[in-house]
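>>> all I have is the shape, not the residue letters:
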C-alpha cells in the first residue's frame, strides 16, 4: 500500500521541531527512525496530516557521559549505541541486549527515542529503560520535565508524552561497581519480537539487592514484576527455592497472549526467560 | 548411463556443458540491478489499479456507492462486479478427469456475495496507485455479514451453513482409493497398529516479486499485451482469450524477469483479470502490483489438511496396511484452470509411494470454506503425503523397537523391481530408493550420529534424528491437466537458429523465474551444437516469439523443455554440417562442430569457423549450388508419452535440537540424497534442493496463515508471517544418484520440489525422535514452540 498524502517538514533544530509540533499538534506525527511509523503509514494505520522528520536534528543524536549518568539523545540510533565505547563500558545491560533488537538494517535506522515513544509492548528498549532506572527527558515549547521510565510506559502503545512534547533525551544512571545484569529473550527467529523476554538489574549479586525485573513481550506494556523482585531479594541467583517463588509470582501478573503464543505459554516462557536470565547474571 | 555403447556420447563431447556448474549469465544482470520486472515498466498514459477487498469472510453485498470515489483526485474509473458482467465470461475451476469435482462460476470482482476476506469487491483505476488507494477508501459498501464456514471438517456437518446455495453441502470433490483390503491387517492382533491425527496449516509462497500485471489494449488492432510475472504464458493467453472473448492470436503474454513464483503465479486471479478488462475498457495501459498485504490475503494458499491415518506393521516391520482420511479446505471456489483438488489427489496418490504396500485405503474430501483460495504451491501434496507415511512408519518402528533405517530397508521398493505400479496406480520407473537410503546413511554418518545422540541430551535440550524416503512427481504428461480440459500444454518447444556470426539463438516455451532455466537451455544448446555457451542467446517468456508450450511448473522445465532444446540443437547441427559438407566438399557424417568450428570428426582438425560459414550462407549465397537453400533454424517439441509422470526419488534426514523448556526447535543439520536423473548443472540443482529444503523447513516450523474463527486472516505482514531466515537454517548437505529417465535422451527429471516435499517429514520425525523419550509427540505443522510445549504438557492446550 501507499501512504496517503501528508505534509512533510524536516526541521534542523529541536526548537524548530517543537514550534512545528506546537502549531500542528493535533495533526502532526514525529518521524524518528521510521522502522515502525513508515510501515504504519503505508498500511494507512497512521494517517497524520503532517510528518515532522527529526532525522536532521543533530543535537538529538549525541551520547554524553556525565559523572552519574549517561545521557542519550532521542535520535541516537541502535547502531550508534552498539558502536559507542561509553555504552560498552558504562551500560552493560543495554550493550548485551542490543544485538537482540531486530536486525542490523533496522538497528541502522531505529532510534532509542522512537522506540520509547512508540511503546511497543514487545520491544526490548522500553523494558531495558525501566530495568536501567532510566529517566525520559521531555521538552515542549513551554517547559521541560523528567519522567521516570517506571512511569513513562502507561499502556499498549501509550506513554506519558503530552501533546506538544518531544523526547529530548534519555538519562541512564551509571550502575555501581557491584551491579549485575541479566537479559534473556525467547524468539523463534533471530531478531524477531520476543515471545517472552526479561531484563534484570540488581545493585549487588550476593545477596541480590535492589532488583529490577522487567518483562516484555508478555503484556500490554513492559511489566516490572515487584513480587518477583521481592521473592529474589536477599537471595542468590541460583537459589532454586527463591526462583520457584519468583516464577510462581508470575501467576499474578496481568499477561496477554498474541496470535502466535497464548497467555499460558507466555507465562510459562516468562518463567523460563527469568530462570535463564538469572543463570547468566553478570 | 543411457546409450552405453555409443562411441562418444552426446554428453561426453569435449565442449559439452552438461553436468557442469556453469555460472548463470542472467545472475550478473540481476545483481547489477538491470533486471526487468513488471513494475519496472513505465508506459505512456499508464494508469494504476487498486482494489477494495471484502473485510468479511462471508457477507452479502447490499449496495456499493462509488460516487465519492469517482470524484476523487486522479481517478479515471471505478468498477464494481456488475460493471464487468458483460465484459468477461465466468470461469469454472473444474477438470473432467477429476470426476465429480464441482465449483461455481467465478467473476473478477464479487457480485452479490463476498466469500472470503480479501476477495476483490471494487476496483479503482487512477493516475497513481496512491490516489487509487485514496479513492478505494471512499467507496461505500453496505454488507450484511453471514456466518463464515471455516473448518473443513465442520463444514461438512449437516448443521453447517452452505456457502453456495446451488449446492446442498460444502463438498467440492471426494475421491476414494482402495487397493487390497486393509481391514484384516488392522484386525490382526499380531500386527502393530499406529494411528495419528495430523494437521497441516496453511502457508503461501511469499515471492520476492509480488503478482504483477501491466496490460495494454490496442482497440484498432483488437490486440492485448499482458506483461506478466508468471510461469505459464501460453496458458494465460488461452485463459484471457477464452474469457475476454478475443482471438488467442491477438493476445501476447510477455514474462520478462520473474522474482520467484513457486506455483503462486499460474492461476487465474480476479484482480489480474479485472486489470485486463480495465485496460480494454479504457484503452490505456493499466498496472496492478499486489502489495505484500494483498499478497498474503489473495495469493493462493496451500496445504490446510486435517488427516486421520493409521498404519499396520507385522512384527518384522513389514507394512501390512495403510489407511487415511483427508479433509482439505480450499476456500470458496476451486481455482481456475488447475483446480484446487490436485493437492488432495496427489496426497491420495503419493502417500506411502516409496514402499511396497498391498493394502491401501485413502479417502479425500475437498471442502469449500470462507477463506482465501487454496491451490498448487511448490511440491503440491508431497509434504503432506510424505509426512503422513513416514511419521507413521517411524512411530511404528519405535513401537516394535526397530531402527528407522532398518524398517525402511524392509519396505522400500527394490531398485531392480522397476517398472512398478503402486497400490494407487502410479507407474514408477528408473527409481533408486534403496541406493538413496544407503547413500544417505553414509553421508550423514548415521550410526555415529545415533551413538552421539544418546549422550547429547542435557538439561532441557533433546536431540532427534528423522528421515524420509520420498518420491517427487516431475515432467508431467498431458494426463496431468490437458486430458481434463485445461488449456495447459504438457509439451514444450524450442527453436534454435544460427546467425551470420555463428552464434545461436534459442527461443523456448519454458520460463525463467529465478531458478536458472535460461542457463540450462544455453548449456544444452551449446553442448549439443558445439559452441561456447557465451555465443548462445536465450529467449523465454513471450508468446509472440517462442514456440507453444507449457512453461515452468511441476519440475518440468529442464526435463521437457531441455529435451526440446536438445532435439532442436541436434537437428540444427545436422543442417549446418550438411551445408558445411557441400562447402568443404566433404561428407556431413565425417564432420562435427566443436567450439564454434566445423571440424573433421576423425582428427578434430579445424575446417572452417561457423562465423565463416554463416557469412558465406547469408552474404555470399551465390557461392552455394543453386539448389541449396540453407535454413539454419530448427524447431523441435517434446512431451512425455510413455508415463503420466516421470517420478524422481530421494532420501533426506534432519538432526534437530528441541528445547523442551521453550518449545523451540533448532535444525542442526540436514542431508539430502536426490536422484533427479541426469544433472545438467550441479550448482543449480543443489540450489533448487537447498531452496526447497528451506521452504520445507518453513512449512514444518514457521510458516502459517493464521485465521480467526470467523475467517479473518490475522498475519498478513512479514513481521507476523514467519518465513525461514538464513540465521535459523542448517547446512544442507547434498549428494546425487543419477538414474537418467529412459523417456528422453537428455535423461533429466525434475528437481525443483524435492526439498519442499521431503523436508517437513524429516523435521517432524526428528522432533518426534527427540520427544519420544519424554512420552510426547507432535503431528501438527508448523511445529510451533507453543504446540510443542502443549505436546509436552508444559502448558494447557
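Now that the structure is in, tell me what you want to look at. Not measured: the values here are computed from a predicted model.
>>> how about the residue in the stretch 601-750 of chain B that chain A sits nearest to, what does it touch?
Closest to chain A within the stretch 601-750 of chain B is residue B:727: 4.2 Å, counting by C-beta to the nearest C-beta. For every residue, glycine as well, the C-beta is placed using N, CA and C. If you count contacts by C-beta atoms under 8 Å, 6 or more residues apart in numbering or on different chains, residue B:727 has them with A:189, A:190, A:191.
>>> in a strand, that's where it is, yeah?
No. Counting by DSSP: H, G, I helix; E, B strand; the rest coil, residue B:727 falls outside a strand, being helix.
>>> now whatever residue of the stretch 1-150 of chain B ends up closest to chain A: closest residue in space, sequence neighbours ignored.
In the stretch 1-150 of chain B, the residue that lies nearest chain A is residue B:130 (3.8 Å; C-beta to the nearest C-beta). Closest residue to residue B:130 apart from its sequence neighbours, by C-beta to C-beta, 6 or more residues apart in numbering or on different chains: residue A:2 at 3.8 Å.
>>> where does the one you found sit: helix, strand or coil?
Reduced to three states by three-state DSSP, residue A:2 is coil.
>>> you'd agree it is up against residue B:133?
Yes. Counting by C-beta atoms under 8 Å, residue B:133 is a contact partner of residue A:2 at 5.6 Å.
>>> domain parsing for chain B?
B:10-35+B:491-638, B:41-146+B:218-261+B:265-293, B:301-478+B:642-791 (automatic domain parsing).
>>> export the ones you listed to JSON lines and tack on distance to residue A:35 and mean pLDDT?
Putting those into JSON lines (distance: least, C-beta to C-beta, whole Å; pLDDT from 0 to 100) gives the following:
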{"stretch": "domain B:10-35+B:491-638", "distance to residue A:35": "24", "mean pLDDT": "94"}
{"stretch": "domain B:41-146+B:218-261+B:265-293", "distance to residue A:35": "16", "mean pLDDT": "97"}
{"stretch": "domain B:301-478+B:642-791", "distance to residue A:35": "11", "mean pLDDT": "96"}
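>>> residue B:471 touches residue B:645, doesn't it?
No. Counting by C-beta under 8 Å, residue B:471 stays clear of residue B:645, with 9.5 Å between them.
>>> anything in contact with each of those two?
Taking C-beta under 8 Å, 6+ apart as the contact criterion, residue B:471 and residue B:645 have no common neighbours.
>>> pLDDT score for residue 4?
You didn't pick a chain, so chain A it is. Note on residue A:4: pLDDT of 93.
>>> oops, chain B please
So, for residue B:4, pLDDT stands at 43.
>>> over to residue B:1?
As predicted, residue B:1 sits at a pLDDT of 39.
>>> and for residue B:482?
For residue B:482, the predicted pLDDT is 89.
>>> state the number of residues packed around it.
Residue B:482 sits with 19 neighbouring residues when counted by other C-beta atoms under 10 Å in any protein chain shown.
>>> in the stretch 1-150 of chain A, what residue is nearest chain B?
For the stretch 1-150 of chain A, C-beta to the nearest C-beta, closest residue to chain B: residue A:2, 3.8 Å.
>>> I'd like to know how many residues surround that residue.
Counted with other C-beta under 10 Å, the neighbours of residue A:2 add up to 17.
>>> what residues are up against it?
A:42, B:128, B:129, B:130, B:133.
>>> what is the burial count for the first one?
This means residue A:42. By other C-beta under 10 Å, 18 other residues sit near residue A:42.
>>> so what's it up against?
A:1, A:2, A:3.
>>> do you know the pLDDT at it?
94.
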